[in-house]
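In: Based on what follows, work out the 3D shape:
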Amino acid sequence: MANQSQFHLLTSRRFLPFFCTQFLGAFNDNVYKNALIVMIAFRLMESEANALINLAAGLFILPFFLFSASAGQIADKYDKGRLIRWIKLGEICIGALGVFALFSGSNSLCLTVLFLLGIQSAFFGPVKYAIIPQHLKRSELIGGNALVEMGTFVAILTGTIVGSLLAGLTGQGQQGILYLGLVIMGAATLGYMASRSIPAAPAPTPNLEINPNPITQTHKILRASADTPSIFYSIIGISWFWLMGAAYLTQIPSFTKNVLGGSESVVTLLLCSFTIGIAIGSLICERLSSGFIELGLVPVGAAGLTISGIALGIVGGNFTELHEASFTAFLSTDGAYSLLSCLVLLGMFGGLYIVPLYTMIQDRSDPTIRAQIISVNNILNALFMVVSALLGILFLNMLGATIPQFFLVIALMNAAVAIFVFAKVPEFAMRFLIWALSHTMYRVKHQGLEQIPAEGPALIACNHVSYVDALLLAGAVRRPIRFIMYKPIYEIPILHFVFKTGRAIPICSKQKDPEGYEQAFKAIEEGLKNGDLLCIFPEGQLTKDGELQPFKAGIEKILERTPVPVIPMALQGLWGSFFSHKDGHAFTTLPKRFWSRVSVVAGRPVEAASAKAEALYRQVLGLRGERR
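Out: Residues are numbered from 1 along each chain as shown. Now for the predicted structure:
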């Protein structure tokens, strides 16, 4: 399945109806919201219009603070497929009220409808992300989330454009409002019809007692998510991304008018460029991840967001202002394509950044509170978006910064936030090193990895060819591995950080360090009793001639203390690579090749009683074959 494109999901009933439902919902929200904002902006005096536009933005985001906590509990308590259908029925009712409000011309009623749409979105959010792991296989999660993120941003952009265009028609009389009403009701009805085909998603916690207090419930789930730092800081990372996105998207109209000197068509072009970037980044994320949850892409995305954000600020700051330039006049100006490239890259790296984070939260959250954790994520997203608006006021209005300068500040702040998150969760940096290694110096193929148990204690026994064996195995096996490794290798600079982060167990001979030797065995025993997957290189050292060395009896001692299944594995094609000992010591003698094609091969699990050193030696030798 990992080799299959994510687009196969769009032919599956497990995903297509849900995808269409969420796409139409995001589209409809933005049609109404942007039509209302444009109508207010062009029909009222500037001061009154600005006040109502800010009120509209606040009314749409307020429900996320008030109702997300309850929405998460309801999503965990009831069947999510049925909940989505009820939510979409609510959208039809709200849409009908919205059409009436538009015909009546009542601003207060229109704003009330916008508030109701915010409530509907607040209840849909937790269901939207919590239902995906119930319908998709783990190997499909990254592709499913990539499609959802791509679809969401395309729906937002399309809804924004359609809403703005239809709002312009409303100035020509009731017929324009009729067209707008038909689009709103049509999208709501189609969304409900699509939702009827969503398969059932049974409630993980049907006996949950709902706490209606949003403050105490949010605090409770925040504490629960903090118990798993990778989840908590992923929420922080996602919320920061929404802060950045809100900062850029909010300022693009003013940036276009006041810095670039472009017309409304240029605003649309810039928004399209950013959205296209998000779509590209989200979709290639699945390919770069090989269908797995690859956290190593998060640092790539974070670095790209900073670099492209800085470039956007610099290019924008040096752009020669035009005078209400049209679409074509803007494109013929020096720097226009550089600016568009910056926005595309900003969106693309944003997709690489956010898709693995969403997927990891889904994968690692306790299923009984998954929707509640997502609801807390939505609350923090909304909070960070409010902070984004406050930062805009601070830098642009109070400190007098230009919009390009504001973009630079946001990009630099992103670097600081990324460093903070990666320091708190070193796994991101570790996975990046592993991903970079397996996508640069090595081309890695896998065979038989389905033999490795998905859970429970087990021990991998593998040949030892190079200093990066552990990294290649960790990159190939998607279940976390704790390595039992020779202490001098464990202490190699840079690699030490990776091994320590992965909770590797350093060991050396009993003669050199009797106390350390015994502590290592205690750590091994404790890890296996806790259900960890451990890996040992039974040769005890790197091969000096490329041949498999006899296995030491230490593996038998481990199994005597804690009998667990043993998975024999072999690395093929590493001998003669950059980090092996061929023709001298690694790092001191130039290897004959820099690039290597490597295979990671796993055999059938062996019961502890049969896993003797000599028998395992023969199995690993057979798996390795003639390709050293």
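In: C-alpha only now, for contacts and for neighbours.
Out: OK.
In: Which helix or strand contains Ala461?
Out: strand 458-462 (DSSP states H and E).
In: What's the first helix or strand after that strand?
Out: As assigned by DSSP H and E, the chain's next helix or strand after strand 458-462 is helix 469-476.
In: which other helices and strands contact that following helix?
Out: helix 427-438 (3 or more CA pairs under 8 Å, 6 or more residues apart in numbering; DSSP states H and E).
In: May I have the residues that are in contact with Gly296?
Out: By CA atoms under 8 Å, 6 or more residues apart in numbering, the contact list for Gly296 reads 428-436.
In: who touches the strand holding Ala461?
Out: In contact with strand 458-462 (CA under 8 Å, 6+ apart) are residues 528, 531-538, 564-571, 616, 620.
In: How many residues are close by the closest residue to Arg624 other than its chain neighbours?
Out: Ranked by CA to CA, 6 or more residues apart in numbering and with sequence neighbours excluded, the top spatial neighbour of Arg624 is Ala570, at 5.2 Å. A count of neighbours around Ala570, defined by other CA atoms under 10 Å, yields 26.
In: max-length helix in this protein?
Out: Assignment by DSSP state H gives helix 46-77 as the longest helix of the chain.
In: if we look at stretch 87-96, which residues are touching it?
Out: Stretch 87-96 has contacts (CA under 8 Å, 6+ apart) with 113, 116-117, 120, 123-124, 181, 184-185, 188-189, 191-192, 195.
In: how about a cut-off of 6 Å?
Out: Stretch 87-96 is contacted from outside by 185, 188, 192, using CA atoms under 6 Å, 6 or more residues apart in numbering.
In: same check, this time on stretch 356-367
Out: Against stretch 356-367 from outside (CA under 6 Å, 6+ apart): 231, 234, 295.
In: how about the last one, phi and psi?
Out: The phi and psi torsions at Leu295 (degrees, to the nearest 10) take the values phi -70, psi -10.
In: Please parse the chain into its domains.
Out: Annotated domains of the chain cover 1-200, 221-425, 437-624 [automatic domain parsing].
In: In PyMOL, how would I select the buried members of the contacts of Gly296?
Out: To isolate the buried ones among the contacts of Gly296 in PyMOL, judged by 16 or more other CA atoms under 10 Å, type:
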select buried, resi 428+429+430+431+432+433+434+435+436
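In: Save the contacts of Gly296 as CSV, and put in pLDDT and distance to Ile492 too.
Out: Putting the contacts of Gly296 into CSV (pLDDT from 0 to 100; distance: CA to CA, whole Å) gives the following:
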residue, pLDDT, distance to Ile492
Phe428, 87, 20
Ala429, 83, 17
Met430, 80, 15
Arg431, 82, 18
Phe432, 86, 18
Leu433, 80, 15
Ile434, 79, 16
Trp435, 80, 19
Ala436, 80, 18
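In: of the contacts of Gly296, closest to Gly603?
Out: Using CA to CA, Ile434 is the member of those that sits closest to Gly603, with 23.0 Å.
In: ok, which stretches of the protein are strands?
Out: 442-447, 458-462, 481-486, 505-507, 533-536, 566-572, 596-602 (DSSP state E).
In: per-stretch mean pLDDT over these, give me the minimum one.
Out: With a mean of 84, strand 442-447 has the lowest mean pLDDT of those.
In: Please compute how far stretch 213-229 lies from its chain's middle.
Out: Relative to the chain's own centre, stretch 213-229 is displaced by 21 Å; criterion: CA atoms, centre = their mean, to the nearest Å.
In: Render the CA-only coordinates of that stretch in CSV, please.
Out: These are the backbone C-alpha positions of stretch 213-229, laid out as CSV (Å, rounded to 0.1, in the frame of the first residue of the first chain):
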residue,chain,number,x,y,z
ASN,A,213,-17.4,23.8,30.8
PRO,A,214,-15.0,24.8,28.0
ILE,A,215,-12.3,26.1,30.4
THR,A,216,-12.0,23.1,32.7
GLN,A,217,-12.4,20.6,29.8
THR,A,218,-9.7,22.4,27.7
HIS,A,219,-7.3,22.4,30.6
LYS,A,220,-8.0,18.7,31.2
ILE,A,221,-7.2,17.6,27.6
LEU,A,222,-4.2,19.9,27.5
ARG,A,223,-2.8,18.1,30.4
ALA,A,224,-3.5,14.8,28.8
SER,A,225,-1.8,15.8,25.6
ALA,A,226,1.2,17.1,27.6
ASP,A,227,1.7,13.5,28.8
THR,A,228,3.0,12.8,25.3
PRO,A,229,5.3,15.7,24.5
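In: Now do the buried residues in that stretch.
Out: Buried residues in stretch 213-229 (16+ other CA under 10 Å): 214, 217-218, 220-222, 224-225.
In: just to revisit the earlier point, so which of the contacts of stretch 87-96 sit within helices?
Out: Those of those lying in helices (DSSP H): 185, 188, 192.
In: Redo the residues you listed as TSV? Include pLDDT, distance to Cys272 and neighbour count.
Out: As requested, the ones in helices among the contacts of stretch 87-96 are exported to TSV (pLDDT from 0 to 100; distance: CA to CA, whole Å; neighbours: other CA atoms under 10 Å):
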residue	pLDDT	distance to Cys272	neighbour count
Met185	94	25	20
Ala188	94	24	27
Tyr192	96	28	25
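In: Ser610: which of these is nearest?
Out: Tyr192 (58.1 Å).
In: quick one: pLDDT of the nearest residue to that closest one once chain neighbours are set aside?
Out: Once flanking residues are discounted, Tyr192 sits nearest to Lys88: 5.1 Å by CA to CA, 6+ apart. In this model, Lys88 is scored at 95, pLDDT.
In: Distance check, Lys88 against Phe15.
Out: Distance, Lys88 to Phe15, by CA to CA, to the nearest Å: 17 Å.
In: sorry, back to before: let's have the ones in helices among the contacts of stretch 87-96 in a markdown table, adding distance to Leu62.
Out: Formatted as a markdown table, the ones in helices among the contacts of stretch 87-96 follow (distance: CA to CA, whole Å):
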| residue | distance to Leu62 |
| --- | --- |
| Met185 | 24 |
| Ala188 | 22 |
| Tyr192 | 25 |
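In: which other residues reach stretch 275-285?
Out: Residues contacting stretch 275-285 (CA under 6 Å, 6+ apart): 146, 150, 344-345, 347-349, 351-352.
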